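>>> Okay, sequence plus prediction incoming.
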Amino acid sequence: MNMSYQLAQNSDLPQLSSFVNRAYRGDTARQGWTHEADLLDGTRVEASLLAEELARGVSLVMAHDSGELLGCYHFEMKDAHTAYVGMITVDPLKQGGGLGKQLLENAFARARSLGAQLIKLTVMSDRLELIAYYERRGFKLTGVEFTFEPGDARYGLPKKDLVLLEMSRNL
């Protein structure tokens, strides 16, 4: 596999939001192991939200192989030494082949190149297998928790009360 990475532009956002939604919600998402289909209804993200993220300086990194979109992630610097990675997405039909690890490695390299010494992410407390996956990649739970506030339906509609756990990894 010969992955290439590019930063999303506004013209990429409809394709990117469709890709993320297929990976996280509904029956298509259930073909992979990282879905949230049992926890939230609706969309994972809409193109309008992605446009707002780009406008505030977030990088949306897309991973392609031979022109096919296989993965993506949200990346931003929170301060001079701390990066945040989120919305780590792999095509459900391609999960289990190391693409998620490659996306994380790319995010680590991006963070280090910008001077970060620490990278953070959040994961739903219900997703024990995903927490274990990130722990195998060097992340540790920080003890910080956030209540998922369903104030904006463009992020999805929770089926129950959800808590996000912060994890971090030294670079």
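Arrived safely.

>>> The spatially most central residue of the chain in helix, strand or coil?
Centroid-nearest residue in the chain: Met87, 1.6 Å away (criterion: Cα atoms, centre = their mean). What DSSP: H, G, I helix; E, B strand; the rest coil gives for Met87 is strand.

>>> And Ser17, by the same measure?
Here Ser17 is recorded as helix under three-state DSSP.

>>> how many other residues sit next to the closest residue to it other than its chain neighbours?
The spatial neighbour of Ser17 that comes closest, neighbours along the chain excluded (Cβ to Cβ, 6 or more residues apart in numbering), is Ala47 at 4.3 Å. No exception for glycine: its C-beta is placed from N, CA and C like everyone else's. Burial of Ala47 is recorded as 18 neighbouring residues (other Cβ atoms under 10 Å).

>>> now Leu16
By other Cβ under 10 Å, 20 other residues sit near Leu16.

>>> Just give the number of residues close to the spatially closest residue to it that is not a sequence neighbour.
Excluding the flanking residues, the one nearest Leu16 by Cβ to Cβ, 6+ apart is Ala8, at 5.5 Å. Residues contacting Ala8 under the criterion other Cβ under 10 Å number 20.
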